[in-house]
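based on what follows, work out the 3D shape:
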Amino acid sequence: MASSKSKEFLTTYGWAMIVIILLLITMAYFGLVNPNSIAPNKCEVPKGFSCSDYSINEDGGINFILKQKTSEDLRITSVQCISQEEFTITTKDSTVDGQKVVQPITWDSPKGFHCKFSDNPFAGKKGEPVNAWFKITVESQGVIKNIEGKIHIRVN
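Numbers count the residues shown, from 1 in each chain. Below you'll find the predicted structure:
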């Protein structure tokens with residue numbers, strides 16, 4: 001007797017769960033629900049680095065602070081940023097601690113990075129969630145490496 005009640009319960013509510021899941025999938029497919037809009041703000045960086053104080057501004061600027069947690073002697077040689085909409089690469093107005101990277105910069109403490117897009121992909125998107133990618137080229141003992149990361153955040 002108890003097993004038939006539990007079967008009935010699972011059958012009834014199992015169908016209800018399937019209907020709800022299908023409804024959510026359909027809403028996402030037609031754009032009524034955007035999973036990125038509920039995703040938390042995050043900055044993804046490789047192991048050995050940490051990211052803090054990151055933001056994307058409506059004026060086309062990306063700001064973030066990266067801290068090196070490795071014991072390597074790194075020298076920053078270039079900074080590039082890419083937007084999600086246009087995949088525009090910018091190096092024109094990229095700075096490290098307020099300085100353009102003309103000569104390699106020694107990475108001895110947390111560094112503040114700023115990228116500015118000439119064609120602003122974030123204009124008119126205040127409050128919307130967006131993605132941006134960055135690539136920092138570094139040199140360590142003659143070996144060139146790329147540190148790549150992603151920022152997902154709402155535009156300020």
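
could you use CA atoms for every contact and neighbour count after this?
Will do.

can you give me the strands for the chain?
Secondary structure of the chain (DSSP state E): strands at 42-44, 49-56, 61-68, 75-83, 89-90, 95-96, 99-100, 105-106, 111-116, 129-140, 143-154.

for residue 32, find the nearest of those strands.
Closest to residue 32 of the strands of the chain is strand 129-140 (Cα to Cα; 15.2 Å).

looking at the strands of the chain, which has the lowest confidence?
Note on those: lowest mean pLDDT is at strand 89-90, with a mean of 52.

which stretch among the strands of the chain comes nearest residue 23?
Using Cα to Cα, the strands of the chain put strand 129-140 closest to residue 23, at 23.4 Å.

in its sheet, which strands sit next to the closest one, and in what direction?
Using DSSP bridges, strand 129-140 pairs in its sheet with strand 75-83 (antiparallel), strand 143-154 (antiparallel).

determine which stretch of those is the most buried.
Mean neighbours per residue, mean count of other Cα atoms under 10 Å, is largest over those for strand 75-83, with a mean of 21.

quick one: it to strand 61-68, angle?
140 degrees (axes from the mean of the first three to the mean of the last three Cα atoms, to 10 degrees).

and the gap between residue 12 and residue 20?
13 Å (Cα to Cα, to the nearest Å).
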